[in-house]
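Q: Have a look at this prediction, sequence included:
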Amino acid sequence: MPNTPIASNPSQQLLTRIAASLDVPTAALPLLPELFAHLDALGTSPKRVARWFQSAGVNKSDHLIDMGCGKGAPAIAVVRACACRITGVDAFAPFIQSAVAAATAAHVADRCNFITQDIHTCRPRQRFSAGMMLSLLPALEGIAFMRKLITPGGLLIIDDAVRTPREPPADDLPQSLKDLCEAITSQGDRVLRTHTMTPREVRALDANLYTRIARQARTIAARHPRSKPILREILRRQQEASTLLTGPIRPALLLIQLRNTSRS
């Protein structure tokens, strides 16, 4: 099996969190740099994120924070569209290495600062005018986390899974987009834009991801036969997630303006 460094002396707890955020077994982490080698973004559309920030007025005077930036595709898209600066933080060192390389290739390295660090121990010395947290924490938890990093009244893009309107509430399902937006506004924040993926969008995205991951998995398995069970498990989870996200729940993206005042 490939031996790829994950981060500098990561704890088991951190490794578990990284694996959970990517929905892979912890033992699969050394395989991911090669498995995801040709995938810049694993979910949310970088183009949509960039368009939303650009339409909201983000410009060269702004400095954004991207917590859980992955390989940096959304961050780089935002910098290219808005001419702003961005700081990206992710605990998975191979992804940060890819983000640095991608920023260099896109000629925006001077406006991007990518850091390998656990977001839970990262303590920036400044507040940012806007930010994003994608596919890392549930929306309400993510908003509370990012509120400490973004200036009051600043912009935040975040995503979550929401229950389809036709699906009745259930303990094992998330809340609907309507209920999520009401929960956000009850905290004094404003929901400026939302986008819920259609089943067709989910299937198209997942088919592309699955095809690329499966191709890389075959290449890795041919060289490292012992990795086959882990690779099969990754592909199984990918298919399971696709079934769920075209069934009772959908991925949703939200642009939020944080409240202007603090609450005790």
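A: Yep, that arrived. Residues are numbered from 1 along each chain as shown.

Q: ranges for the helices of the stretch 101-250 of the chain?
A: Remark: helices assigned in the stretch 101-250 of the chain by DSSP state H, counting those that start in this stretch are 139-147, 177-185, 199-223, 228-245.

Q: Relative to Pro33, which of these is closest?
A: helix 199-223 (10.3 Å; C-beta to C-beta). Glycine gets a C-beta too; all of them are placed from N, C-alpha and C.

Q: Return the angle between stretch directions for that closest one and helix 228-245.
A: 180 degrees (axes from the mean of the first three to the mean of the last three C-alpha atoms, to 10 degrees).

Q: List the contacts of helix 199-223.
A: The contact list for helix 199-223, computed with C-beta atoms under 8 Å, 6 or more residues apart in numbering, reads 2, 31, 34-39, 42-43, 197, 227-228, 231, 234-235, 238-239, 241-242, 245-246, 250-251.

Q: rerun that using 6 Å as the cut-off
A: The contact list for helix 199-223 (C-beta atoms under 6 Å, 6 or more residues apart in numbering) reads 34-35, 38-39, 227-228, 231, 238, 242, 245-246.

Q: Filter those down to just the buried residues.
A: When neighbours are counted using 16 or more other C-beta atoms under 10 Å, those contain these buried positions: 34-35, 39, 227, 231, 238, 242, 245-246.

Q: and those residues as a markdown table, adding pLDDT and distance to Thr104?
A: A markdown table is the format used below for the buried ones among the contacts of helix 199-223 (pLDDT from 0 to 100; distance: C-beta to C-beta, whole Å):
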| residue | pLDDT | distance to Thr104 |
| --- | --- | --- |
| Glu34 | 92 | 21 |
| Leu35 | 91 | 23 |
| Leu39 | 85 | 18 |
| Ser227 | 94 | 30 |
| Leu231 | 95 | 30 |
| Gln238 | 90 | 30 |
| Ser242 | 89 | 33 |
| Leu245 | 90 | 33 |
| Thr246 | 90 | 37 |
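
Q: okay, the residues you listed in JSON lines with distance to Asp206 next?
A: Written out in JSON lines, the entries for the buried ones among the contacts of helix 199-223 read as follows (distance: C-beta to C-beta, whole Å):
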{"residue": "Glu34", "distance to Asp206": "20"}
{"residue": "Leu35", "distance to Asp206": "16"}
{"residue": "Leu39", "distance to Asp206": "12"}
{"residue": "Ser227", "distance to Asp206": "22"}
{"residue": "Leu231", "distance to Asp206": "17"}
{"residue": "Gln238", "distance to Asp206": "7"}
{"residue": "Ser242", "distance to Asp206": "4"}
{"residue": "Leu245", "distance to Asp206": "7"}
{"residue": "Thr246", "distance to Asp206": "8"}
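
Q: Report the backbone C-alpha coordinates of the helix or strand of the chain with the lowest mean pLDDT in PDB.
A: Least confident helix or strand of the chain, by mean pLDDT, DSSP states H and E, is helix 12-22 with a mean of 86. Backbone C-alpha positions of helix 12-22 (Å, rounded to 0.1, in the frame of the first residue of the first chain) are rendered in PDB as follows:
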ATOM      1  CA  GLN A  12      -5.800   9.200  15.800                       C
ATOM      2  CA  GLN A  13      -8.700  11.500  16.600                       C
ATOM      3  CA  LEU A  14      -7.700  13.900  13.800                       C
ATOM      4  CA  LEU A  15      -7.200  11.000  11.300                       C
ATOM      5  CA  THR A  16     -10.700   9.800  12.200                       C
ATOM      6  CA  ARG A  17     -12.100  13.300  11.600                       C
ATOM      7  CA  ILE A  18     -10.400  13.600   8.300                       C
ATOM      8  CA  ALA A  19     -11.700  10.200   7.100                       C
ATOM      9  CA  ALA A  20     -15.200  11.000   8.300                       C
ATOM     10  CA  SER A  21     -15.200  14.300   6.400                       C
ATOM     11  CA  LEU A  22     -14.300  12.400   3.200                       C
END
